[in-house]
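Chemist: Need coordinates for the below:
(chains A and B)
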Amino acid sequence: MSWILKRIITAIFMVWLVTTIIFFLIRLMPGNPMDYMLMQLISMRSMSVEDATKLVQSYFGFNPKEPLLVQYINYFKGLLSGNLGQSILFPGTPVGQLLGQSVPWTVFVVGISLIISFALGIYLGTSIAYARGSKFDNILSLFGSITNSIPNYIIAILLIYVLGGLLHIFPMRGAYGTSVTPGFNLEFILDVIYHSILPISSYVITSFGGWMLSMKGSTTSVLGEDYIMAAKAKGIPTKKIKNSYVRRNAILPLFTNLTLSIGFMLGGALFIETMFSYPGVGYYLSTSVSGRDYPLMQGCFLLITVAVILANLITDLTYSKLDPRIRIR
Amino acid sequence: METLLRSFSIIYKNKTAFVGFIILLLFIFMATIGPMLVPLETSAHPEEMFQPPSIKHILGTDYAGRDIFDEIIHGSRSVLIVGALSALISVSISVLIGIPSGFIGGFTDWILMRITDIFLTIPSLPLLVVLAAFIRIGNPLIMSLVLSLTSWPGLARAIRSQSLSLRERDFIEAARVSGLSSMRIVFSELLPNMASYIAISAIFAITQAVYAQVGLFFLGLAPFTSINWGVMLNFAVSQAGALYSSRSVSYLLSPIVCISLLQISSVLFVRALEEIFNPRLQR
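Modeler: Predicted coordinates:
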């Protein structure tokens, strides 16, 4: 019980630390975005200092002229009440609203990609571990290492170029076309799936190899365990051993990686989302960075980091349930 | 020298390791000597733009009439320099954190590992992108520093557990009994025993740095200061419209082929090395 409490406190501490670092990056860096924006408003648009301060305050959620500690407290008050400031690139839109719109897209595309590459990796990994040293193993392992080492944005650009630009089979960008009306209708849903095929493929092609190779390694080491030998000696059918003895034990170490990947999900497809202009969290993060939209950038980064911290916590808390052997701490 | 020859003969016997190694050598040759052999033409030649590959221009010319082959050669330099430099920095940090942590233990271990955990938690790619907004990552050194900031924690943990297990071995015990100082033990006993592991991790760190670096340039998230494969890709898509017209196929494909080949050969090489030095993986 006490280490559960300890883990929760650590997680809260991490969230506090990251938010604080971001605050000081925005507030104290030389030429920091707030001072820069104030200066620009005053000199370029000849605003009065008060008006400019008010405008900057509406963007960031705290007043740059107050003492630093007061700003810091107001910043936290804002965060706790869900106020992440206003976007600069999308004028008049609260950052929270933009994030709310973008999270489902990322969860949809990266979630499906993750499920497909994990399932594919587990299945193929066990198969090649059983066929160790065969031609099937050699070819698939080599193929897996090659696709796993090519950067995902390279696969994305090739897919966009060949299937989008040259052959016009798939759309090159966006989450849905302009001709459909967003809502719960079949046309829209089909269009969304149609648009998601290339981003999902880029993700799956470059990541299933990693899962496959670690599953192969994990399965191989489980196959050498005594309890497998015992099961064989008892005369349990091979198929049953494969499914309920080998696979279940071999998957365990990969589950940790899976839950961690779920945490990294929001930021994990940053390059792919940007390539396809797919309106997820990663796309908004890189758009906000190139457009110097600091409130939006801060919101995206906070959201991504908090998701990772939460996933870490959940991994730690559930792993001892999945594998009773590591309960002794 | 003898160990060098022996490692080379091991590499020679393993087919994938050898192929990967040769391709890597070619890339290193390209980045070090290449730029001296082919001068870079920076001025535009509008009359020669979008030339198809020919004897004069092996890979054709880009949207400003510059030779693509020259750009590939010169672009390799910054890609490899940043890759190697950030691997060096991140391996150094992880050795400096991991070895004391595992070897001394106690409070030192606790505090160093908490710091590592913090860096391990922050998602690296988003952090890189955010840092790119605050720091002008113009020169290769700053780029490498930023990249290694996010890549050292995992390795530091691995090195810690390696030194934790080595610490209990007999030969370390023997060295301690014979009165060697901790410094001597670390440098003459501990580090040599981890050398292969550290070398493998360094190559992995290079591939990570190349991935992140080229990606940042490609998506225009880092300022373009010198020619680089990522910058070429960015220009191919944004300036030359390579996705819509077939006349700049070569401009788009050349950096793609180079980046993929570099990554594939490093990974094949390093996986083969892993198999050689860690025989448990083989069966």
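Chemist: What is the longest helix of chain B by residue count?
Modeler: In terms of residue count, the longest helix belonging to chain B (DSSP state H) is helix B:68-104.
Chemist: quick one: is that helix near chain A?
Modeler: No. Applying C-beta under 8 Å from any C-beta of the partner chain, one finds helix B:68-104 separated from chain A by no less than 12.0 Å. Using the backbone N, CA and C atoms, a C-beta is placed for each residue, glycine as well.
Chemist: buried set for that helix?
Modeler: By neighbour count with 16 or more other C-beta atoms under 10 Å in any protein chain shown, helix B:68-104 contains the buried residues B:68-87, B:89-91, B:93-95, B:97-103.
Chemist: Tell me if the next helix or strand after it is near chain A.
Modeler: Next in sequence after helix B:68-104, counting helices and strands by DSSP states H and E, comes helix B:106-121. Yes. Against chain A, helix B:106-121 shows contacts by C-beta under 8 Å from any C-beta at B:118, B:121.
Chemist: if we look at the helix or strand following helix B:106-121, which residues are touching it?
Modeler: Proceeding C-terminally, helix B:106-121 gives way to helix B:124-134 as the next helix or strand, assigned by DSSP H and E. Contact partners of helix B:124-134, identified using C-beta atoms under 8 Å, 6 or more residues apart in numbering or on different chains, comprise A:25, A:29, A:267-268, A:270-271, A:282, A:285-286, A:289, A:292, A:294, A:297, A:300-301, A:304-305, B:137, B:146-147, B:149-151, B:212, B:216, B:221-222.
Chemist: let's go with 7 Å and repeat that
Modeler: For helix B:124-134, the surrounding residues in contact (C-beta atoms under 7 Å, 6 or more residues apart in numbering or on different chains) are A:25, A:29, A:267, A:270, A:285-286, A:289, A:292, A:297, A:301, A:304, B:146, B:150-151, B:212, B:216, B:221-222.
Chemist: out of those residues, which are buried?
Modeler: Among those, those buried by neighbour count (16+ other C-beta under 10 Å) are A:25, A:267, A:270, A:285-286, A:289, A:297, A:301, A:304, B:146, B:150-151, B:212, B:216, B:221-222.
Chemist: Take the contacts of helix B:124-134 and keep only those in helices.
Modeler: With DSSP H as the criterion, helices contain A:25, A:267, A:270, A:285-286, A:289, A:297, A:301, A:304, B:146, B:150-151, B:212, B:216 from among the contacts of helix B:124-134.
Chemist: Please produce a markdown table containing these, extended by distance to residue B:22 and pLDDT.
Modeler: Below are the ones in helices among the contacts of helix B:124-134 laid out as a markdown table (distance: C-beta to C-beta, whole Å; pLDDT from 0 to 100):
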| residue | distance to residue B:22 | pLDDT |
| --- | --- | --- |
| A:25 | 44 | 75 |
| A:267 | 36 | 79 |
| A:270 | 34 | 89 |
| A:285 | 39 | 91 |
| A:286 | 36 | 89 |
| A:289 | 39 | 85 |
| A:297 | 43 | 87 |
| A:301 | 42 | 89 |
| A:304 | 40 | 90 |
| B:146 | 31 | 86 |
| B:150 | 31 | 83 |
| B:151 | 26 | 86 |
| B:212 | 26 | 90 |
| B:216 | 29 | 89 |
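Chemist: does residue A:98 really touch residue A:87, like I thought?
Modeler: Yes. If you go by C-beta atoms under 7 Å, residue A:98 and residue A:87 touch, sitting 5.8 Å apart.
Chemist: which residues do the two both contact?
Modeler: When contacts are counted by C-beta under 7 Å, 6+ apart, residue A:98 and residue A:87 are jointly contacted by residue A:296.
Chemist: one step back: nearest to residue A:80, of the buried ones among the contacts of helix B:124-134?
Modeler: If you rank the buried ones among the contacts of helix B:124-134 by distance to residue A:80 using C-beta to C-beta, residue A:301 comes first, at 17.4 Å.
Chemist: Distance check, the closest one against chain B.
Modeler: Separation of residue A:301 from chain B (C-beta to the nearest C-beta, to the nearest Å): 5 Å.
Chemist: In contact with that residue, which residues?
Modeler: Remark: with contacts taken as C-beta under 7 Å, 6+ apart, residue A:301 is in contact with A:22, A:285, B:126, B:130.
Chemist: Tell me, what's the model's pLDDT at the residue nearest to residue A:308 when sequence neighbours are not counted?
Modeler: The shortest distance from residue A:308 to any residue that is not its chain neighbour, by C-beta to C-beta, 6 or more residues apart in numbering or on different chains, is 4.2 Å, and that residue is residue A:263. What the model reports as pLDDT for residue A:263 is 79.
Chemist: Just to be sure, residue B:53 is in a strand?
Modeler: No. Per DSSP: H, G, I helix; E, B strand; the rest coil, residue B:53 lies outside any strand segment and is coil.
Chemist: With adjacent residues omitted, what lies nearest to it?
Modeler: Distance criterion C-beta to C-beta, 6+ apart; nearest residue to residue B:53, sequence neighbours excluded, is residue B:60 at 4.6 Å.
Chemist: how many other residues sit next to the one you found?
Modeler: 22 (other C-beta atoms under 10 Å in any protein chain shown).
Chemist: Residue A:219 now?
Modeler: 23.
Chemist: Look up phi and psi at it.
Modeler: Dihedral pair for residue A:219: phi -60, psi -40, per degrees, to the nearest 10.
Chemist: can you pull the contacts of the residue nearest to it when sequence neighbours are not counted?
Modeler: Closest residue in space to residue A:219, ignoring its immediate chain neighbours: residue A:129 at 3.6 Å, by C-beta to C-beta, 6+ apart. Taking C-beta under 7 Å, 6+ apart as the definition of contact, the neighbours of residue A:129 are A:216, A:219, A:220, A:223.
Chemist: how about 8 Å then?
Modeler: Taking C-beta under 8 Å, 6+ apart as the criterion, residue A:129 is in contact with A:215, A:216, A:217, A:219, A:220, A:223, A:250.
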